[in-house]
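Visitor: sequence first, predicted coordinates after that:
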Amino acid sequence: MPLSRQSAGFLLLLSAAVAAGAADDLPPELIRLARFKQKIRQDLAQVPNYTCLETMKRSLRAPRSNSFKPLDTIRLEISSVDGKELLAAPGAGRFEDKNLTSFVSTGTIANGMFALDAHNVFVNNTAAYDYHGEENLNGRRAIRYDYRIPQFLSRYNIKVPGGSATVATRGSFWFDPISLDLLRLDVSGDEMPVELGLTEYVVRTYYAREHVANSDALLPQRAELVLTHFDGESSRNVITFSACHEYGSESTISFEASAEPKPEPPKARAREMHLAAGLLVPVALETAISSKSASVGDAVRARVRRDVRRGGELVLPAGALISGRIRSLERYSTPEPYFLMGIEFSEVEWQNTHAPFLGELVDSHSEQAARAGDIPGVGTLHIPGSSFHCAPGFRMLWRTLDQQPASGFR
């Protein structure tokens, strides 16, 4: 039974009628849809109470190829606040209103799977629904509806190098006929403008109810994005949501297992400094980085190898701790296998002194070629081979940059 956009207001009235038990003479598929929308709106209203670890595994399929080849893995913390999906580096403990591109600078990326896609389909009252019937979904009884959101009502934006566009969407959703829990939501770009250069844009998200802290929540568990270009090249992101935590507005967020916290004596406030541009800072890794386990977002720690002076004055002492994160990690197979790994150092600490760090990678004392990245503060290592291991002690040379333009970087 197709339901046009004019039915949106009617569904709101029907929801009230269903709640009052006064809709017995209406088609069962319409009553079921109204009950489901009541339920999913309640579930979506709880999502901002939670934050999860988002792990994105990206892969690429070349034109005329039948298989996807792994590219990299990205990890970020995600939450939904005031109608936005906010992100943070793992363990950072605070979320920022930044675009996903502020954390991941290359390759195919997408957001919306944590909360926005479901909100667009079930809350905004812009979708037309079509009852499809009962199906078996992975061995589970499920009710399926199809939907479509026209371009002029859509909030779905696709951005590619060279342009972006708001597109119409269509798809399907499945829910449990007894619990009315959402099980799966599919979103596809519809009637996409030619300038996007895409023949396919499909997102499939699976949901499940899980017990978090002292409550039950319906949260996304896994999502898959497939994007195909006119030339036949396809990108795939497989995203999982794990380690979900409930938090309050003043909570500290951490996904690291820890013992019962012990009271600590108050620490003296660190002295803040700013490093001048042009300092050559030799560092040695303190943490190993391996292609078998490393992911974008992983913390990286290093130590300053020798005293750094300017005009004879000590600026950075040997042993100062410099910390940052893996910013990108991409695997390539042609013409020979190699990796491109981007590292961003963001702060340095020593003797109760703290300074933000913004630098460019000048050199690495190994077979891995080093260069400054395309993003200020990110250095890139070209690492040959199908795997790699950067052991503690791996040496790099960085040059500090003027930090005035760095206000948009952490």
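Guide: That came through, no problem. Numbers count the residues shown, from 1 in each chain.
Visitor: run a quick neighbour tally on Asn138.
Guide: By other C-beta atoms under 10 Å, the residues close to Asn138 number 9. Heads up, the C-betas are built off the backbone N, CA and C, glycines and all.
Visitor: oops, could you answer that again for Tyr206 instead?
Guide: Neighbour tally, Tyr206, other C-beta under 10 Å: 19.
Visitor: in its sheet, what does the host helix or strand of it sit against?
Guide: Assigned by DSSP states H and E, Tyr206 belongs to strand 198-212. Applying DSSP bridges to the sheet, strand 198-212 is found paired with strand 182-190 (antiparallel), strand 215-229 (antiparallel).
Visitor: just these: most buried one?
Guide: Mean neighbour count (mean count of other C-beta atoms under 10 Å) peaks for strand 182-190 among the strands paired with strand 198-212, with a mean of 22.
Visitor: what average pLDDT does the strand holding Tyr206 get?
Guide: Mean pLDDT, strand 198-212: 89.
Visitor: got the CA positions of that strand in CSV?
Guide: Extracted C-alpha coordinates of strand 198-212, given in CSV (Å, rounded to 0.1, in the frame of the first residue of the first chain):
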residue,chain,number,x,y,z
LEU,A,198,28.4,7.8,-9.7
THR,A,199,26.3,4.9,-10.8
GLU,A,200,25.8,3.5,-7.3
TYR,A,201,25.7,4.8,-3.7
VAL,A,202,24.2,2.3,-1.2
VAL,A,203,24.4,2.1,2.6
ARG,A,204,23.1,-0.9,4.5
THR,A,205,22.9,-0.7,8.3
TYR,A,206,22.0,-3.4,10.8
TYR,A,207,20.5,-2.8,14.2
ALA,A,208,20.1,-4.7,17.5
ARG,A,209,19.0,-4.1,21.0
GLU,A,210,21.8,-4.3,23.6
HIS,A,211,22.1,-3.8,27.3
VAL,A,212,24.3,-0.8,28.1
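Visitor: pull the residues that contact it.
Guide: 50, 110, 112-113, 117-118, 158, 160, 167, 179, 181-189, 192, 216-230, 234, 244-246 (C-beta atoms under 8 Å, 6 or more residues apart in numbering).
Visitor: with stretch 278-291 instead?
Guide: 298-306, 308, 310, 315-316, 321-322, 326, 329, 331, 339, 341, 345, 359, 362, 387-400.
Visitor: which of those residues are buried?
Guide: Among the contacts of stretch 278-291, those scoring as buried are 298, 300, 302-305, 308, 315-316, 322, 326, 329, 331, 339, 341, 345, 359, 362, 388, 390, 394, 396-400 (criterion: 16 or more other C-beta atoms under 10 Å).
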